[in-house]
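Asker: below is the sequence, then the predicted model.
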Amino acid sequence: MPEPVVRVEKDGAIAIVTLNRPEAMNALSRALREALARAFEDLANDPDTAIVVLTGAGRAFCAGFDLKELSSESTDAIAEVDVIGAIRAFEGPIIGAVNGHAVTGGFELALACDVLIASTTAKFADTHARVGILPGWGLSQILPRVIGLFRAKEMSLTGNFVPAEQAEAWGIVNRVVAPEELLPACMALATDMLSCDRTSLRGYKRLIDRGFGLPFAEAMRFESEVSREVAKTISSETVARRRSVVQDRGRSQTSG
């Protein structure tokens with residue numbers, strides 16, 4: 001039986017989703033796009049899954065669309081599977097474990113995550129202009145907001161690769177670790193997130209994502225409105241209990 005093009009493994013409330021076409025640098029074939037969208041749809045409907053770690057098998061995170069396959073079909077096929085929509089429908093945090101090349105569509109997959117940790121072997125590139133197509137998964141809008149307009153234009157209008165250390169300096173990734181430390185670092189981060197209130201994790205992600213796309217004054221009003229509505233649902237006893245947990249955690253992290 002052939003290996004699945006997307007592997008999903010569970011570790012408690014954490015799901016590890018692995019793009020599994022290592023021989024093709026996890027290029028986004030139609031089969032992989034369909035399997036990835038289906039995996040995230042299933043996880044979005046799984047109440048036991050709170051956090052996803054997304055990574056790639058082999059030496060690449062994802063080399064982008066399978067150009068060999070795409071050259072034999074209409075480019076309209078790109079839009080036929082809403083991979084990014086399925087990823088964004090997952091309400092919990094998504095941690096990208098970028099283990100190697102993240103190129104074009106693969107770069108867009110990385111940018112669809114909430115937090116990125118990269119291996120020292122990771123490299124990022126936007127080669128849309130070199131291939132002769134334009135992005136449709138958000139790269140042209142998200143990247144300038146992450147690293148600034150001029151750096152984004154440098155990346156997108158040259159197609160040049162940005163190594164992991166430069167990506168960290170520019171703010172594309174949260175931090176860079178040795179290859180053997182990548183998944184352990186992501187799992188440790190996911191475990192830290194799981195120690196928070198799960199409803200708040202989902203709500204806070206929505207708050208940040210929606211506010212990020214609003215003008216500042218409107219975003220501030222939106223935050224205030226959401227905060228007041230949530231406050232109405234929380235009792236003083238719940239606040240006291242959670243305060244005690246926060247204090248205990250703070251003491252454990254600062255002791256010694």
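Answerer: Sure, I can see it.
Asker: got a pLDDT number for Arg242?
Answerer: Note on Arg242: pLDDT of 61.
Asker: how is this protein carved up into domains?
Answerer: As given by automatic domain parsing, the domain ranges for the chain are 6-194, 214-254.
Asker: what residues does the residue nearest to Ala178 when sequence neighbours are not counted make contact with?
Answerer: Nearest residue to Ala178, sequence neighbours excluded (C-beta to C-beta, 6 or more residues apart in numbering): Thr120, at 6.0 Å. (Each C-beta comes from the backbone N, C-alpha and C, glycine too.) Thr120 makes contact with Ala164, Glu165, Val176, Val177, Ala178, Pro179 under the criterion C-beta atoms under 8 Å, 6 or more residues apart in numbering.
Asker: quick one, which of these are buried?
Answerer: Among these, those buried by neighbour count (16 or more other C-beta atoms under 10 Å) are Ala164, Val176, Val177.
Asker: what about the second one, which SS state?
Answerer: Read it as Val176. Under DSSP: H, G, I helix; E, B strand; the rest coil, Val176 falls in the strand class.
Asker: just list whatever residues bridge to it.
Answerer: Per DSSP bridges, residues listed as beta-bridge partners of Val176: Ala118.
Asker: looks like it contacts Pro163 (just checking).
Answerer: No. Val176 lies out of contact with Pro163 (C-beta atoms under 8 Å); the separation is 9.2 Å.
Asker: mutual contacts of those two, please.
Answerer: Jointly contacting Val176 and Pro163 under the rule C-beta under 8 Å, 6+ apart are Ala122.
Asker: sorry, back to before: need the buried ones among the contacts of Thr120 in JSON lines with pLDDT and distance to Ala219, can you?
Answerer: Shown next, in JSON lines, are the buried ones among the contacts of Thr120 (pLDDT from 0 to 100; distance: C-beta to C-beta, whole Å):
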{"residue": "Ala164", "pLDDT": "98", "distance to Ala219": "31"}
{"residue": "Val176", "pLDDT": "98", "distance to Ala219": "30"}
{"residue": "Val177", "pLDDT": "98", "distance to Ala219": "32"}
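Asker: which single one of those is nearest to Met220?
Answerer: Val176 (33.2 Å; C-beta to C-beta).
Asker: low-confidence ranges, this structure, go.
Answerer: Scanning the chain with the threshold set as pLDDT under 70 gives 1, 71-79, 235-256.
Asker: just the strands in it please.
Answerer: Using DSSP state E, the strands of the chain run over 6-11, 14-19, 51-56, 60-62, 94-98, 101-103, 115-119, 123-125, 162-163, 175-177.
Asker: that'll do, ta.
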